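Peer 1: Provided below for reference: sequence and predicted model.
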Amino acid sequence: MLVIRCAACKRKLWKYDKIGPGEVLRCHRDRIRKIYVFSEVGGKVHCSCGKNIGIDKGSFIKMIHNAFTCSGTKRTV
């Protein structure tokens, strides 16, 4: 389980169940386990500090590479 944080203010955004060894390029909505704080305005996902974290694509969020950090373990299949 990974904890996704804002790169600007280090605030927790959500817990994500990452499957596989790759980078976090997309966060599928059905794998987000716990939401701490974020807002969606006009198809963009923002932290409460105002930093743009990703783009809403419907069933997943396309993440902006340098806008977030993640820590934790990835699940292998």
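Peer 2: Received, thanks. Remember, predicted model here, so these are calculated numbers, not experimental data. Residues are numbered from 1 along each chain as shown.

Peer 1: For the rest of this, base every contact and every neighbour count on C-alpha atoms.
Peer 2: OK.

Peer 1: what's the neighbour count on Ile55?
Peer 2: 19 (other C-alpha atoms under 10 Å).

Peer 1: Quickly find the element holding it.
Peer 2: In this assignment (DSSP states H and E), Ile55 forms part of strand 52-56.

Peer 1: residues touching Gly72, list them.
Peer 2: 1-3 (C-alpha atoms under 8 Å, 6 or more residues apart in numbering).

Peer 1: returning to that earlier point: now tell me what touches the strand holding Ile55 from outside.
Peer 2: Contacts of strand 52-56 (C-alpha under 8 Å, 6+ apart): 6, 40, 43-47, 61-64, 67-68.

Peer 1: Can you name the next helix or strand after that strand?
Peer 2: strand 60-63.

Peer 1: is it true that Leu65 touches Cys27?
Peer 2: Heads up, residue 65 is His, not Leu. No. In this structure, His65 is not within contact of Cys27 by C-alpha atoms under 8 Å, at 12.0 Å.

Peer 1: pull the helix or strand with minimum mean pLDDT from the protein.
Peer 2: The helix or strand of the chain with the poorest confidence is strand 39-41; it has a mean of 92 (mean pLDDT, DSSP states H and E).
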